[in-house]
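[1] build me a structure from this.
(chains A and B)
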Protein chains: 2
Amino acid sequence: MPSEALSARLGYSFRDAGLLRQALTHRSHSTPHNERLEFLGDAVLNCVIAGVLYERFPELSEGHLSRLRANLVNQDALSRLAIELDLGAELRLGEGELKSGGSRRPSILADALEALLGAMFLDGGFDRTLVAIHQLYAPLLDEIDPHELGKDPKTLLQEHLQARRLSLPQYTVVNVRGEAHAQRFQVECFIPELDIRTLGEGPSRRSAEQSAARFAYEMAAHS
Amino acid sequence: MPSEALSARLGYSFRDAGLLRQALTHRSHSTPHNERLEFLGDAVLNCVIAGVLYERFPELSEGHLSRLRANLVNQDALSRLAIELDLGAELRLGEGELKSGGSRRPSILADALEALLGAMFLDGGFDRTLVAIHQLYAPLLDEIDPHELGKDPKTLLQEHLQARRLSLPQYTVVNVRGEAHAQRFQVECFIPELDIRTLGEGPSRRSAEQSAARFAYEMAAHS
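    The predicted structure is shown next:
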């Protein structure tokens, strides 16, 4: 059985212990596993974080809110929160996963945390889950740097490359498809010195460039 | 002022008339416009529909649930619902948009409906919005064909092409990036007879193929 300590750290006690157990069950262990709950929890989390950001940053556009949210609900953020909850110790993994260190794998941890939120939503409703998410995310929300907020991916990428004294990225339209009212652009972003090439896509050249830049920025920041 | 009739059709009366007005205000008209509310409403809608599908289709995997939801919350579905609500007549559009038929444009209608749901969430909370969404979506939910559900994009594309007596799509890996534990694949899907080429991306060759197939299916279905 999952520990009482987890309930305490989450600030939530499950009425239905079966739901909690399912949320902590990886598909390598047994059925019912946590993948459907993960789908639900992801949706609840996105909704709650959207609400928090909407209220907290009344001056930000929906594009900025959306990017900010993406940073808060991605695998990296979720797995770090899962580690703080010591979720790895509570997971039910198959033997192979267990031996290969599955309880420390970011994807498994992030998915289990989402599943836990989905289970909480079914068990206690939206408002109780919202309270738990607010509490869980309070430190991350307080960390948000308003100076980084307004910057689009092309700007972030450019600043990153300049800080490393590298030359600027080259953007090239590689494909345009669709009829005039519904065109789709594909743009390549090329950073010669890092040998990074990414593709972005969107309804305009600019949006495709931003999409390619976002991907390139993530790669450059980790290279 | 927005009509009483809209409230009746929505099954919801706003306490804060300003929020309702903002939800109906396109950015071409004035500030505050509805784009931030659209961000919020999109999140609420995704969450509610996730919950409905989770409960209604206990046998479906999270991948199927996710695709099913995508079909219910896309611009096409939302704009049709907006038309049934006669939302176009309530929109506040700038003169240019008004003259060019903006009140009938699917993107504007879909965005306004999402904004309306976001405003409802702020005005009345999650549970009231959930009730309104359930009511709004009841006909669409009843329409869902369980036979189509399990089909992935590659299967749908193949069946579509076979029905048109066209040859099968060709999938080619065009790029693999990243280290072994975090590879990203890019796959091209090519349909010679329709001159359609799309790119898909994902953490595995298979997922990249599915992504390319999804895009190709959308293009093929409209060509």
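[2] look up phi and psi at A:Leu140.
    Phi and psi for A:Leu140, reported as degrees, to the nearest 10, are phi -70, psi -40.
[3] and the gap between it and chain B?
    Distance, A:Leu140 to chain B, using CB to the nearest CB, to the nearest Å: 18 Å. From N, CA and C alone the C-beta is placed, and that goes for glycine too.
[4] and for A:Lys99?
    17 Å.
[5] need the strands for chain A, in chain order.
    With DSSP state E, the ranges of strands along chain A come out as A:170-177, A:184-191, A:196-202.
[6] the last one near chain B anywhere?
    Looking back up the chat, that one is strand A:196-202. Yes - Strand A:196-202 reaches chain B (CB under 8 Å from any CB of the partner chain) through A:Arg197, A:Leu199, A:Glu201.
[7] closest to chain B out of those?
    For the residues of strand A:196-202 next to chain B, the minimum distance to chain B (CB to the nearest CB) is 6.3 Å, reached by A:Leu199.
[8] for chain A, which residues score under the pLDDT cut-off?
    A:1-3, A:146-150 (pLDDT under 70).
[9] tell me the residues of it that contact chain B?
    A:35-36, A:38-40, A:42-44, A:46-47, A:49-51, A:54, A:60-62, A:65-66, A:118, A:121-122, A:125-127, A:130, A:175, A:177-178, A:186, A:197, A:199, A:201, A:219.
[10] using ChimeraX, define a selection of the buried residues within these.
    Filtering those down to the buried ones (16 or more other CB atoms under 10 Å in any protein chain shown) takes a single ChimeraX command:
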select /A:35,36,38,39,40,42,43,44,46,47,49,50,51,54,60,62,65,118,121,122,126,130,177,186,197,199,201,219
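[11] if I look at the spatially most central residue of chain A, how far off is chain B?
    The residue lying closest to the centre of chain A (CA atoms, centre = their mean) is A:Asn74, at 1.2 Å. Here the criterion is CB to the nearest CB. By it, A:Asn74 lies 13 Å from chain B.
[12] can you check A:Ser207 too?
    With CB to the nearest CB as the criterion, A:Ser207 and chain B are 14 Å apart.
[13] what's the local residue count around that residue?
    If you count neighbours by other CB atoms under 10 Å in any protein chain shown, A:Ser207 ends up with 16.
[14] wait, it sits on A:Phe185?
    Yes - using CB atoms under 8 Å, A:Ser207 is in contact with A:Phe185, at 7.5 Å.
[15] any residues in contact with both of these two?
    By CB atoms under 8 Å, 6 or more residues apart in numbering or on different chains, A:Ser207 and A:Phe185 have no common neighbours.
[16] pull the longest helix from chain A.
    helix A:35-56 (DSSP state H).
[17] now do that helix: distance to the chain's middle.
    10 Å (CA atoms, centre = their mean, to the nearest Å).
[18] packing partners for that helix?
    helix A:17-23, helix A:62-73, helix A:106-124, helix A:126-143, helix B:35-56, helix B:62-73, helix B:106-124 (3 or more CB pairs under 8 Å, 6 or more residues apart in numbering or on different chains; DSSP states H and E).
[19] of these, which approaches B:Ile83 most closely?
    helix B:106-124 (6.6 Å; CB to CB).
[20] what angle sits between the closest one and helix A:62-73?
    Relative orientation of helix B:106-124 versus helix A:62-73 (axes from the mean of the first three to the mean of the last three CA atoms, to 10 degrees): 60 degrees.
[21] check which helices and strands helix B:106-124 sits against.
    So helix B:106-124, by 3+ CB pairs under 8 Å, 6+ apart, packs with helix A:35-56, helix B:17-23, helix B:35-56, helix B:75-84, helix B:126-143.
[22] of those helices, which is nearest B:Ala213?
    When those are compared (using CB to CB), the closest one is helix B:75-84, at 19.1 Å.
[23] how is chain A divided into domains?
    Domain assignment of chain A by automatic domain parsing yields the ranges A:4-146, A:153-221.
[24] next, format the ones you listed as JSON lines and append distance to B:Lys99.
    Formatted as JSON lines, the domains of chain A follow (distance: least, CB to CB, whole Å):
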{"stretch": "domain A:4-146", "distance to B:Lys99": "26"}
{"stretch": "domain A:153-221", "distance to B:Lys99": "17"}
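[25] nearest to B:Gly96, out of those?
    Nearest of the domains of chain A (CB to CB): domain A:153-221, 16.4 Å.
[26] how far does the closest one stretch from start to finish?
    Terminal residues of domain A:153-221 are spaced 12 Å apart (CA to CA, to the nearest Å).
[27] and it, how far out from the chain middle?
    For domain A:153-221, the distance to the chain centre is 21 Å (CA atoms, centre = their mean).
[28] on that earlier part again, of all the helices and strands packed on helix A:35-56, which one is nearest B:Leu136?
    Between the helices and strands packed on helix A:35-56, helix B:106-124 lies closest to B:Leu136; by CB to CB that is 8.5 Å.
[29] for the closest one, list every residue counted as buried.
    Buried-residue list, helix B:106-124, by 16+ other CB under 10 Å: B:108-124.
[30] what angle do it and helix B:75-84 make?
    Using the same axes, to 10 degrees: helix B:106-124 against helix B:75-84 is 70 degrees.
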